[in-house]
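[1] Next comes the sequence, and after it the predicted model I'd like to discuss.
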Amino acid sequence: MNIKNLKILELASVLAGPQVGSFFSELGASVIKIENETTGGDVTRNWKLNSENEENSISAYYASANYNKKSVFLNFNKNSDKETLNNYIRNSDVIISNFKYGDSEKFALSFTDCKRLNPSIIYGEITGFGKNDKRSAFDVILQAETGYISMTGNNENNLAKLPVAFIDLFAAHQLKEGLLLALLENRKPVCVSVSLYDSAIAALANQASNFLMEGFVPKPIGTQHPNIAPYGDIYLTMDKKKIILAAGTEKQFVSLLKILNKKEIPSTLLTNKLRVKNRVKLNSFLALEIGKITVDKFISDCYLENVPVGEIKSLNEVFEKPTATKLILNETVEDVETKRVKTVVFTFSS
């Protein structure tokens, strides 16, 4: 099926489900977003910064996850609105939902209900902790419950959460993959389910294996890496710019020493294992040398020697670059000029 012929019905709010809807809309599918008339619609319409105009019907947060969709406000308790919704279900190829526990059955919008109306429906659902768990699920709670907050921050008394709702985005990616597979294999009817919890656990990747194989329980070490040094370590250049290194191999570390014009180093820093063990000594050594070089010179030298390096930039600096601005999507929504970054950034070539 040509994805531009797909009809998507979004029964979702906040971030994870709407991100999936935006993914399909960016690819050219028709996406109808159903919003609850009795509650004023998607809750993120009111998640506004202090600087945002209170009179606007949407927020920047809402705009970030709702691109090129037709919003329809319905009251599920009104018979006429319920019939309108049922007609949308009959004429849709894919449904995206993220109801609170029990609400899909309460409003007769579960997979079982929808496939009665549309026997060829592909139904995607996102839950918090799983289908049978009643707990409310917001990203920061999941970050706490799945280990992320315990290892994010500078130390155990200064914990932090990831600054974007990454677990919502992890779940959105999982659901996209499941829905695309269902479309590819022409599985109909089918329910594709994913929980925020499972998505978060699946994304633990090397941190999970470090624990499962070695019993290693990571502690918050800021941007640093538990297995590699210098990797994620931050230094100030002579002109007071913050840079971050990711010297993941011995060859890269040797090249870094060449840039710093250091032919000899202490024996306690000769191997990656020793550098991880003696990270404080390593960072004192590197900070002193990097502090003698300007950011432009240091980054230029790193590029020439293939040493992974980056300058720590704020968002205003990020979006000064054409490489970032080319990923911005503009749209006027309900008389509000909105911007967001693309969810679809892959390309095809032949």
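    In hand now; what should we look at?

[2] going forward, measure contacts between C-alpha atoms and count neighbours the same way
    Fine.

[3] Now whichever helix in the chain runs longest: buried residues?
    Looking across the chain with DSSP state H, the single longest helix is helix 166-184. Buried positions in helix 166-184, judged by neighbour count with 16 or more other Cα atoms under 10 Å: 166-176, 178-179, 182-183.

[4] for stretch 94-106, same thing?
    So stretch 94-106, judged by 16+ other Cα under 10 Å, has buried residues 94-101, 104.

[5] Could you do stretch 304-313 as well?
    So stretch 304-313, judged by 16+ other Cα under 10 Å, has buried residues 305, 307-311.

[6] any idea of the mean pLDDT for it?
    Mean pLDDT, stretch 304-313: 96.

[7] what's the weakest-modelled helix or strand in this protein?
    strand 153-155 (a mean of 90; mean pLDDT, DSSP states H and E).

[8] Could I get the full set of strands for the stretch 151-300 of the chain?
    Ranges of strands in the stretch 151-300 of the chain, per DSSP state E, counting those that start in this stretch, are 153-155, 158-159, 190-195, 231-236, 242-246.

[9] who touches the second one?
    Contacts with strand 158-159, where a contact means Cα atoms under 8 Å, 6 or more residues apart in numbering, come from 149-153, 220.

[10] Repeat that for the fourth one.
    Residues from elsewhere that reach strand 231-236 (Cα under 8 Å, 6+ apart): 223-225, 242-248, 283, 286-287, 290-291.

[11] for the record, mean pLDDT for that strand?
    For strand 231-236, the mean confidence score works out to 96.

[12] of all the contacts of strand 231-236, which comes closest to residue 139?
    residue 223 (20.8 Å; Cα to Cα).

[13] Any idea how many residues pack against the closest one?
    By other Cα atoms under 10 Å, the residues close to residue 223 number 14.

[14] Tally up the residues packed near the nearest residue to it once chain neighbours are set aside, please.
    Leaving aside its sequence neighbours, residue 223 sits nearest to residue 232 (Cα to Cα, 6 or more residues apart in numbering; 4.9 Å). Around residue 232 there are 21 other residues, counting by other Cα under 10 Å.

[15] Next, find the distance separating residue 232 from residue 92.
    46 Å (Cα to Cα, to the nearest Å).

[16] With residue 217 instead?
    46 Å.

[17] higher neighbour count, those two?
    Neighbours per residue (other Cα under 10 Å) separate residue 217 from residue 92, with residue 92 holding more: 22 against 13.

[18] which element is that one on?
    Using DSSP states H and E, residue 92 maps to neither a helix nor a strand.

[19] Tell me which residues touch it, please.
    6-9, 121.

[20] Give me the distance between it and residue 86.
    10 Å.

[21] what's the answer for residue 274, then?
    64 Å.

[22] Neighbour count: those two, which is higher?
    residue 86 (18 against 15).

[23] from the contacts of residue 92, which is closest to residue 34?
    For the contacts of residue 92, the minimum distance to residue 34 (Cα to Cα) is 7.5 Å, reached by residue 9.

[24] Name the SS class of the closest one, please.
    strand (DSSP: H, G, I helix; E, B strand; the rest coil).

[25] follow-up on the earlier one: now tabulate the contacts of strand 158-159 in TSV and tack on distance to residue 300.
    Listed next are the contacts of strand 158-159 as TSV, based on distance: Cα to Cα, whole Å:
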residue	distance to residue 300
149	35
150	36
151	33
152	31
153	30
220	31
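
[26] Among those, which one lies nearest to residue 346?
    Using Cα to Cα, the contacts of strand 158-159 come closest to residue 346 at residue 152, 29.2 Å.

[27] about what we covered before: pull the residues that contact the longest helix of the chain.
    In contact with helix 166-184 (Cα under 8 Å, 6+ apart) are residues 1, 15-17, 19-20, 122, 124-126, 139, 142-143, 188, 190, 192-196, 199-200, 203.

[28] Now the buried members of these.
    Counted by 16+ other Cα under 10 Å, these give 15-17, 19-20, 122, 124-126, 139, 142-143, 188, 190, 192-196, 199-200 as buried.

[29] still on that earlier bit, helices - which of the contacts of helix 166-184 land there?
    Those of the contacts of helix 166-184 lying in helices (DSSP H): 16-17, 19-20, 139, 142-143, 196, 199-200.

[30] Is it possible to get a markdown table of these that adds distance to residue 63 and pLDDT?
    Putting those into a markdown table (distance: Cα to Cα, whole Å; pLDDT from 0 to 100) gives the following:
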| residue | distance to residue 63 | pLDDT |
| --- | --- | --- |
| 16 | 13 | 97 |
| 17 | 14 | 97 |
| 19 | 10 | 98 |
| 20 | 14 | 98 |
| 139 | 18 | 94 |
| 142 | 23 | 96 |
| 143 | 24 | 96 |
| 196 | 22 | 97 |
| 199 | 24 | 97 |
| 200 | 24 | 97 |
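
[31] so how far is the first residue of stretch 58-69 from its last?
    14 Å.

[32] How about stretch 283-298?
    Counting by Cα to Cα, you get 16 Å between the two ends of stretch 283-298.

[33] any idea how far that stretch is from the chain center?
    Centre-to-centre, stretch 283-298 and its host chain are 32 Å apart (Cα atoms, centre = their mean, to the nearest Å).

[34] list the buried ones in it?
    283, 286-287, 289-291, 293-295, 298.

[35] Looking at those, which one is closest to residue 326?
    For the buried residues of stretch 283-298, the nearest to residue 326 is residue 295 (25.8 Å; Cα to Cα).
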